[in-house]
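Asks: Okay, here's the prediction I keep looking at, along with the sequence it came from:
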Amino acid sequence: MFGYDFTVEFKPGSQNVVADALSRREEDAIELQVHALSSPDIELFAAFRTECATSPDILAKRAEITSGTARASWSLVNGFVMHRGRIFVPPSSAIWPQILDAAHGAGHEGVEKTLHRLRVSFYNPHANRLVRDHVKSCSVCQRNKTEHLHPGTSAAVAGADGGLARHCP
């Protein structure tokens, strides 16, 4: 550290409020994100309840459960078709965009974390594909992808002769 004159002083964490504020996630923001997904909008549930009355996938699964031919992992709870305690939402459901927005919009943290949030409350055998497609189409995630954020020091570009040439910005 030539050319600099500085002194290092120890400050206990309780007195170093600037560093503490920068190093901690906002607990209120996290609480709101969890609440947004764990307590879904009542209008969303009302719309889904209406959809359940006409959805062929849900009606077929409900018939299997009531007739006793469904596997033990399936059940009916408060009118919802459940799979291992999670609400079954068929891929054709109109509420998928809202569910995916809530699960992914809580932090734009990619496919795996969105799947984890989603699978806490909802079940769909095609959840991987639904989440992957949603994240790929998320403008915030695409704009903030790491390959878009790294400043390039040198990049290979195709030369006029078809070979690779080095380009330095």
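Replies: That came in fine, so what should we check first? Keep in mind that this is a model prediction, so the values were computed, not measured.
Asks: Let me know how buried L44 is, in neighbour terms.
Replies: Summarising burial for L44: neighbours were counted as other C-beta atoms under 10 Å, giving 13. The C-beta positions use only the backbone N, C-alpha and C, and glycine is treated the same way.
Asks: Contacts only, for it.
Replies: By C-beta atoms under 8 Å, 6 or more residues apart in numbering, the contact list for L44 reads 95, 98-99.
Asks: most surrounded residue in the residues you listed?
Replies: When those are compared by neighbour count (other C-beta under 10 Å), I99 ends up highest, at 24 neighbours.
Asks: pLDDT of the helix or strand containing I87, averaged?
Replies: Taking DSSP states H and E as the criterion, the element that holds I87 is strand 86-88. For strand 86-88, the mean per-residue pLDDT is 94.
Asks: helices or strands up against it?
Replies: strand 80-83, helix 111-121, strand 122-123 (3 or more C-beta pairs under 8 Å, 6 or more residues apart in numbering; DSSP states H and E).
Asks: between these, which gets the lowest average pLDDT?
Replies: Within the helices and strands packed on strand 86-88, the least confident segment by mean pLDDT turns out to be helix 111-121, at a mean of 88.
Asks: what helices or strands is that one leaning on?
Replies: Contacting helix 111-121 under the criterion 3+ C-beta pairs under 8 Å, 6+ apart are the following elements: helix 27-38, strand 86-88, helix 96-105, helix 127-136.
Asks: do you know which of the helices and strands packed on strand 86-88 lies nearest V131?
Replies: With C-beta to C-beta as the measure, helix 111-121 is the member of the helices and strands packed on strand 86-88 nearest V131 (5.1 Å).
Asks: orientation of the closest one relative to helix 127-136 in degrees?
Replies: Angular relation of helix 111-121 and helix 127-136 on a 0 to 180 degree scale: 130 degrees, by axes from the mean of the first three to the mean of the last three C-alpha atoms, to 10 degrees.
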